[in-house]
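>>> Provide a 3D model corresponding to the input given below.
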Amino acid sequence: MTSGPPPPDPDKNSAGPDKNSSGPSGDSAGPSGDKELSARERHELDELRHRVSALESGGPRAAARHHWLRSTGSVLLILLASLLSLLAVVSVWANSIVRDTDRYVATVGPLASNPDVQKAITDRVTTAVLAQVDVEALVKELQKAADQKGVPPNAAKLIDNLDGPIESGLKSLVSATVERVVSSDAFDTVWVNANREAHNALDKALTGEADGAVSVKDGQVTIDVGPIVAQVKDRLVSAGFQPAALIPNVHTEFVVFASKDVGQIKWYMRVLEIIGSWLPIIAVLIAAAGVYLAVHRRRALIWAALGVFAAMLLLGITLSLLRTVYLNHLPAGMSEAAAGAVYDALVRFLRAGVRAVGALALVTAIGAFLTGPARVAVLVRTGCGKGIGALRDVSVSAGLRLGPVGRFVHRYKRWIGWAILVVAAIVLFTWNYPTTAVVLWTVVIVLAALAIREFLDTGDDDSAVPTPSA
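Prediction:
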């Protein structure tokens with residue numbers, strides 16, 4: 001007897017449609033409670049799918065957009081800091097030239113022994129002295145003396161033609177005397193004292209007025225070398241050339257700096273003078289903000305340091321180009337060699353600052369690279385660590401006991417490293433005018449301190465809880 005499907009249950013038919021059948025909405029039908037729960041679950045499922053889709057589609061884009069904004073902001077800040085570092089070096093130099101008397105004297109003082117400057121001053125003073133000697137009057141005195149002595153007529157005629165030889169011999173005498181004065185220690189004293197009293201020369205140049213030993217007119221900063229003329233006069237008289245006693249007090253000028261653009265750069269230099277003390281700090285803070293904002297901070301630090309190095313390189317090249325431009329636009333009559341020596345003296349400390357900041361930036365970039373995950377950096381750190389470790393092991397084998405010191409260094413190793421870097425930064429920032437030698441010696445001392453820290457680190461930490469053996 002075959003079995004068929006069970007007969008339909010009238011109760012089920014009366015309860016409603018089968019739960020496998022579809023209603024108008026396309027949802028599965030069931031009891032009223034099941035139908036309400038299914039609709040809610042469907043709504044929740046759709047909501048979850050919408051959220052997942054939003055996260056999958058919008059999340060990475062939002063994160064990428066966030067990283068792009070941070071990276072762009074970091075790049076802009078680093079570029080601004082690089083530009084400000086260039087202006088900071090120039091402003092510190094300008095500020096020191098105007099405000100620091102000793103700095104100014106140290107800048108122009110060496111010019112007293114510069115051969116080109118000495119030659120230019122010798123020519124200037126010689127011309128000033130000869131302008132006060134009447135050669136024609138000397139010839140007339142010789143003629144008068146010849147007549148009184150009863151010199152033969154032929155000899156008297158020869159005296160009439162002595163204008164040229166007398167002038168030539170007098171020029172040689174005066175030039176030799178001036179050269180001896182200019183090359184003496186007395187000239188160094190006169191030169192330094194004149195510049196010390198005239199320390200405000202550049203400041204006066206920017207305001208357009210000056211007095212005393214320094215004058216500023218027609219875009220020229222000049223120093224009165226009249227005292228040199230007085231010394232030459234005394235020496236000529238002592239040498240027996242009595243007409244030199246008639247030379248009056250002469251005020252002749254030697255041009256220290258000449259430029260038609262002195263008035264135009266007045267505003268810029270005054271601004272740099274005002275912000276000279278703050279601009280370096282502002283540049284450092286902006287660079288730090290750019291590094292902090294970056295997604296990859298070590299990489300940003302490297303690029304910030306390289307940006308400052310590039311700015312210093314650009315400034316150094318600009319100074320060389322400006323020297324050529326300055327010499328090509330000298331006023332007529334100025335010695336190009338002397339003007340070049342003066343320019344080099346004025347920018348000597350600026351160039352020293354450029355080299356110092358550039359060296360510091362390059363060292364910072366190298367240091368940031370060597371602390372990174374690059375293979376070369378890891379090899380360098382590993383090699384140094386093994387070398388110092390081997391030296392420590394040999395010392396311990398020889399009887400050296402580090403004890404609590406080694407444990408202390410191991411526990412606070414990171415803090416000790418930061419303390420070393422902070423002290424080095426304070427030294428460089430508080431040094432009045434750090435040079436390249438100061439930067440390099442600071443780097444050497446920092447490396448030595450880090451090596452000592454590594455040597456004292458025994459790897460023992462009594463705060464560590466020993467792990468029981470399995």
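>>> If you count neighbours, what's buried in the helix or strand that contains V108?
Following DSSP states H and E, one finds V108 within helix 101-108. Within helix 101-108, the residues that qualify as buried are 103-108, counting by 16 or more other C-beta atoms under 10 Å. Backbone N, C-alpha and C define where each C-beta goes, glycine included.
>>> Which of these sits closest to R70?
Taking C-beta to C-beta as the measure, R70 sits nearest to R103 out of the buried residues of helix 101-108, at 42.2 Å.
>>> Give me the pLDDT for the closest one.
In this model, R103 is scored at 81, pLDDT.
>>> Please name the nearest non-neighbouring residue to it.
Excluding the flanking residues, the one nearest R103 by C-beta to C-beta, 6 or more residues apart in numbering is S96, at 4.6 Å.
>>> For the one you found, give me its contacts.
Going by C-beta atoms under 8 Å, 6 or more residues apart in numbering, S96 touches 103-104, 276, 349, 433.
>>> same deal with L279?
84, 87-88, 91-92, 272.
>>> and the gap between it and V423?
Per C-beta to C-beta, to the nearest Å, L279 is found 24 Å from V423.
>>> Then Y433?
20 Å.
>>> Y412 now?
Taking C-beta to C-beta, one finds Y412 at 15 Å from V423.
>>> Take the buried residues of helix 101-108 and write them to TSV, including distance to W418.
Shown next, in TSV, are the buried residues of helix 101-108 (distance: C-beta to C-beta, whole Å):
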residue	distance to W418
R103	34
Y104	39
V105	40
A106	36
T107	38
V108	43
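>>> if I read this right, S335 contacts T122, doesn't it?
No. Applying C-beta atoms under 8 Å, one finds S335 not in contact with T122, separated by 10.5 Å.
>>> Give me the helix or strand of this structure that scores worst on average pLDDT.
Within the chain, no helix or strand scores below helix 10-15, which has a mean of 44 by mean pLDDT, DSSP states H and E.
>>> which strands and helices sit next to the helix holding V108?
helix 32-99, helix 185-197, helix 336-346, helix 348-370 (3 or more C-beta pairs under 8 Å, 6 or more residues apart in numbering; DSSP states H and E).
>>> In JSON lines: these, plus distance to F455.
Listed next are those as JSON lines, based on distance: least, C-beta to C-beta, whole Å:
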{"stretch": "helix 32-99", "distance to F455": "35"}
{"stretch": "helix 185-197", "distance to F455": "50"}
{"stretch": "helix 336-346", "distance to F455": "46"}
{"stretch": "helix 348-370", "distance to F455": "18"}
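>>> would you turn those into TSV with distance to N114 and mean pLDDT?
Shown next, in TSV, are the helices and strands packed on helix 101-108 (distance: least, C-beta to C-beta, whole Å; pLDDT from 0 to 100):
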stretch	distance to N114	mean pLDDT
helix 32-99	18	73
helix 185-197	10	77
helix 336-346	5	84
helix 348-370	12	92
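>>> For A289, find the nearest of the ones you listed.
Ranking the helices and strands packed on helix 101-108 by proximity to A289 (C-beta to C-beta) places helix 32-99 first, at 5.4 Å.
>>> now the angle from whatever helix or strand V380 lives in to helix 348-370?
In the assignment (DSSP H and E), V380 maps to helix 375-397. Orientation check (axes from the mean of the first three to the mean of the last three C-alpha atoms, to 10 degrees): helix 375-397 against helix 348-370 gives 80 degrees.
>>> For the helix or strand just after helix 375-397, give the mean pLDDT please.
Sequence order places helix 404-411 as the next helix or strand after helix 375-397, per DSSP H and E. Across helix 404-411, pLDDT averages out at 88.
>>> got the buried residues for helix 404-411?
Buried residues in helix 404-411 (16+ other C-beta under 10 Å): 406-411.
>>> And stretch 360-372, by the same measure?
Buried-residue list, stretch 360-372, by 16+ other C-beta under 10 Å: 360-365, 367-369, 372.
>>> re earlier: export the contacts of S96 as TSV, with columns for distance to L400.
Below are the contacts of S96 laid out as TSV (distance: C-beta to C-beta, whole Å):
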residue	distance to L400
R103	48
Y104	53
G276	50
F349	47
Y433	42
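>>> Max pairwise distance over those: which two?
Most distant of the contacts of S96, by C-beta to C-beta, are Y104 and G276, 14.5 Å apart.
>>> hmm, back to that, reformat the buried residues of helix 404-411 into CSV and put distance to N328 next to each item.
Formatted as CSV, these follow (distance: C-beta to C-beta, whole Å):
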residue, distance to N328
G406, 66
R407, 68
F408, 64
V409, 61
H410, 64
R411, 65
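>>> Which pair in these has the greatest spatial separation?
Top of the distance list for the buried residues of helix 404-411 (C-beta to C-beta): G406 and R411, 9.7 Å.
>>> contacting residues around the residue nearest to V182 when sequence neighbours are not counted?
Closest residue to V182 apart from its sequence neighbours, by C-beta to C-beta, 6+ apart: Q118 at 4.9 Å. Applying C-beta under 8 Å, 6+ apart, we find Q118 in contact with 112, 179, 182-183.
>>> From those residues, list the buried ones, please.
112, 179, 182.
>>> and which of the residues you listed is nearest to L322?
A112 (24.3 Å).
>>> do you know how far that closest one is from E179?
Separation of A112 from E179 (C-beta to C-beta): 14 Å.
>>> Surely L346 and T107 touch.
Yes. With contact defined as C-beta under 8 Å, L346 reaches T107; the gap is 6.2 Å.
>>> Switch the buried ones among the contacts of Q118 over to CSV; also include secondary structure.
Output for the buried ones among the contacts of Q118, formatted as CSV (DSSP: H, G, I helix; E, B strand; the rest coil):
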residue, secondary structure
A112, helix
E179, helix
V182, helix
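>>> which ones are touching the closest residue in space to L350 that isn't next to it in sequence?
Nearest residue to L350 in three dimensions, chain neighbours excluded: W93, at 4.2 Å (C-beta to C-beta, 6+ apart). By C-beta under 8 Å, 6+ apart, the contact set of W93 is 347, 349-350, 353.
>>> any chance of these in CSV, plus distance to L440 and neighbour count?
As requested, the contacts of W93 are exported to CSV (distance: C-beta to C-beta, whole Å; neighbours: other C-beta atoms under 10 Å):
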residue, distance to L440, neighbour count
V347, 22, 19
F349, 18, 19
L350, 19, 20
G353, 15, 23
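>>> from what I can see, V295 looks like it's in a helix, true?
No. Under three-state DSSP, V295 sits outside any helix and is assigned coil.
>>> tally of neighbours for it?
12 (other C-beta atoms under 10 Å).
>>> Sounds good, over and out.
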